[in-house]
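Trainee: The sequence and its predicted three-dimensional model are supplied below.
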Amino acid sequence: MKSIDDCKGGLLDSCSYLHDKYLKDVEGSEKFDVEGEKKQEQERLRQQEEEESARRRAMSEPEW
């Protein structure tokens, strides 16, 4: 693994594999959704970038 994204993907795949192997037959257990987890992480990163951008704009605007 050469990047953080590679590590995240590997961890999500590992969790999905372990869930399918050991927990899929447990009552009330839902399938681990790798794609859903990736989408949530992308949304979190997008929000973080928007907040950072708004903070930078606020700091660069002159106060009159």
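Mentor: Thanks, I have the structure now.

Trainee: hey, where'd the helices end up in the protein?
Mentor: Counting by DSSP state H, one finds helices in the chain at the ranges 4-18, 34-60.

Trainee: now those helices as a markdown table including mean neighbour count?
Mentor: C-betas here are computed from N, CA, C, even on glycine. Formatted as a markdown table, the helices of the chain follow (neighbours: other Cβ atoms under 10 Å):
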| stretch | mean neighbour count |
| --- | --- |
| helix 4-18 | 12 |
| helix 34-60 | 10 |
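
Trainee: could I get these as JSON lines with mean pLDDT?
Mentor: Output for the helices of the chain, formatted as JSON lines (pLDDT from 0 to 100):
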{"stretch": "helix 4-18", "mean pLDDT": "83"}
{"stretch": "helix 34-60", "mean pLDDT": "86"}
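
Trainee: Check Glu63 and give its pLDDT.
Mentor: On the pLDDT scale, Glu63 is placed at 66.

Trainee: same check, this time on Glu27
Mentor: On the pLDDT scale, Glu27 gets 58.

Trainee: residues in contact with Lys8?
Mentor: Going by Cβ atoms under 8 Å, 6 or more residues apart in numbering, Lys8 touches 38, 41.

Trainee: and it, how far is that from Glu37?
Mentor: 9 Å (Cβ to Cβ, to the nearest Å).

Trainee: and if you look at Glu51?
Mentor: For Glu51, the distance to Glu37 - Cβ to Cβ - is 21 Å.

Trainee: how about Ser3, phi and psi?
Mentor: Recorded main-chain torsions at Ser3 are phi -150, psi 170, according to degrees, to the nearest 10.
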